[in-house]
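Colleague: Sequence first, predicted coordinates after that:
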Amino acid sequence: MSIWCHNLNLSSRSLAIALVVCVTLVYFSYSFNACLFASITRTLQQSNLRNLLTLQQQQRNETDKSNSTPSPSPTETAAGSGIGAASSVPLFSVSILNATSAGLGHGMPSIDGAPKYQMLRQQGLRPSRHLPDTLIIGVKKSGTRALLEFIRLHPDVRAAGSEVHFFDRHYQRGLRWYRHHMPYTIEGQITMEKTPSYFVTKEVPQRVYHMNTATKLLIVVRDPVTRAISDYTQAASKKADMKRFEQLAFVNGSYSVVDTNWGPVKIGVYARYLERWLLYFPLSQLLFISGERLIMDPAYEIGRVQDFLGLKRVVTEKHFYFNATKGFPCLFKSEARSTPHCLGKTKGRNHPHIDVNAIERLREFYRPFNNKFYQLTGINFAWP
């Protein structure tokens, strides 16, 4: 009997030991599988990230190629570089952007611990093309290119690099064609496109409305007289034998009658074109940016744009510096370049001398139209 009890005790101890060993094996197996799963997940996310960066790099290369090809469009502007360190002075506080404020580059949001970015890391990045949420519709020679480059500093904004002209020239190609010209974005990013001629083209407001009634519209405006001279200056730089501004802006060589059929003069009657847009979009979906203030205080205007688009104020005064030679704000870094640069040779171009009497006559012509524009927008831009 004692032998049987002794054997039973040994069997119980063996069973207990075997149970402990099994539990230990199960624990280590679970821990190993959990680590392996986490490692695989991180690898997939990093792979997705690399794929997205590759796609965006390819898209930017395509954009650079398209921008390097001369375009017949009068609204096309060059975006290049060219600054001298000796000619630049700080606009506000002079500090280089760090990687966390600018994101991972190429329009990617920074993984800064915000809930939506944590969710993106967990789910993986799925880039795709979308129709634009926001359009910069004008006005030509008022600062639309500067606005686009400045707002693209925001990691949650992705924009087509060149003017697509879908709603005024390529509408018959359809929305699928239009979407193909948009950049890749991920969840939480805004898709944007700029074509200044949209503002003055009769059919565009209705076409944009049919695409998306909630589209947000950005409109840069400046003193219409200065804008007309800038428009003329750009055209004259491409045509050596062009007539003088005064000859084109007035009928029969007299300052008494303004030629309202001449493009540079006609575009400046902003109220006429704005009334068309207000037939389809409420004023709350339009933001008017002062072209003058965009040059003098870019951080202020870009702050307004970020608020309008529902974005966190990431782009601030530390992103800009003033180039004394060009008389234009420049960037410490941008989506395409990590070094300080200006927007291009066409920015800050010197205007030709215009007869003072001609300028005063044009101001007199525009004054009632400007007042009507102030009433429609609820903003007094205080143009002369």
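Modeller: Structure received.

Colleague: Does residue 285 touch residue 216 like I think?
Modeller: Yes. Using Cβ atoms under 8 Å, residue 285 is in contact with residue 216, at 5.6 Å. The C-beta positions use only the backbone N, C-alpha and C, and glycine is treated the same way.

Colleague: Between these two, which is the more surrounded one?
Modeller: In this view residue 285 and residue 216 are compared by other Cβ atoms under 10 Å, and residue 216 has more residues nearby, 20 against 16.

Colleague: Surely that one is in contact with residue 311?
Modeller: No. Look at residue 216 against residue 311 with Cβ under 8 Å: they stay out of range, at 11.3 Å.

Colleague: What are the boundaries of the strands in the stretch 101-250 of the chain?
Modeller: Assigned by DSSP state E, counting those that start in this stretch, the strands in the stretch 101-250 of the chain fall at 128-129, 134-138, 157-159, 184-185, 190-194, 216-221.

Colleague: between the fifth one and strand 134-138, how big is the angle?
Modeller: Orientation of strand 190-194 against strand 134-138 (axes from the mean of the first three to the mean of the last three Cα atoms, to 10 degrees) gives an angle of 20 degrees.

Colleague: Walk me through which strands strand 190-194 pairs with, and which way each runs.
Modeller: The strands beside strand 190-194 in its sheet (DSSP bridges) come out as strand 134-138 (parallel), strand 157-159 (parallel).

Colleague: and those as CSV, adding mean neighbour count, distance to residue 247 and mean pLDDT?
Modeller: Output for the strands paired with strand 190-194, formatted as CSV (neighbours: other Cβ atoms under 10 Å; distance: least, Cβ to Cβ, whole Å; pLDDT from 0 to 100):
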stretch, mean neighbour count, distance to residue 247, mean pLDDT
strand 134-138, 26, 26, 98
strand 157-159, 25, 38, 97
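
Colleague: Please convert these to JSON lines, extending it with distance to residue 330.
Modeller: As requested, the strands paired with strand 190-194 are exported to JSON lines (distance: least, Cβ to Cβ, whole Å):
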{"stretch": "strand 134-138", "distance to residue 330": "20"}
{"stretch": "strand 157-159", "distance to residue 330": "19"}
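
Colleague: for those strands, which one sits closest to residue 245?
Modeller: Closest to residue 245 of the strands paired with strand 190-194, according to Cβ to Cβ: strand 134-138, at 21.3 Å.

Colleague: Not counting that closest one itself, show me its contacts.
Modeller: The contact list for strand 134-138, computed with Cβ atoms under 8 Å, 6 or more residues apart in numbering, reads 144, 147-148, 190-200, 204, 208, 215-221, 273, 277, 309.

Colleague: phi, psi of the nearest residue to residue 298 once chain neighbours are set aside?
Modeller: Spatial nearest neighbour of residue 298, excluding adjacent residues (Cβ to Cβ, 6 or more residues apart in numbering): residue 329 at 4.8 Å. When read as degrees, to the nearest 10, the backbone of residue 329 gives phi -70, psi 140.

Colleague: what's near enough to touch residue 329?
Modeller: 91, 146, 295, 298, 320, 321, 322, 323.

Colleague: please redo it, this time with the cut-off set to 7 Å
Modeller: Neighbour list for residue 329: 91, 295, 298, 320, 322 [criterion: Cβ atoms under 7 Å, 6 or more residues apart in numbering].

Colleague: what's the spacing between the third one and residue 230?
Modeller: Going back to what we said before, that points to residue 298. With the distance defined as Cβ to Cβ, to the nearest Å, residue 298 ends up 18 Å from residue 230.

Colleague: and these two? which has more neighbours close in?
Modeller: residue 298 (26 against 21).

Colleague: On the pLDDT front, check that one for me.
Modeller: Looking at residue 298, its pLDDT reads 96.

Colleague: could you list every residue that touches it?
Modeller: Counting by Cβ under 7 Å, 6+ apart, residue 298 touches 150, 320, 329.

Colleague: number of nearby residues for the first one?
Modeller: Spelled out, that is residue 150. So residue 150, with other Cβ under 10 Å, has 24 neighbours.
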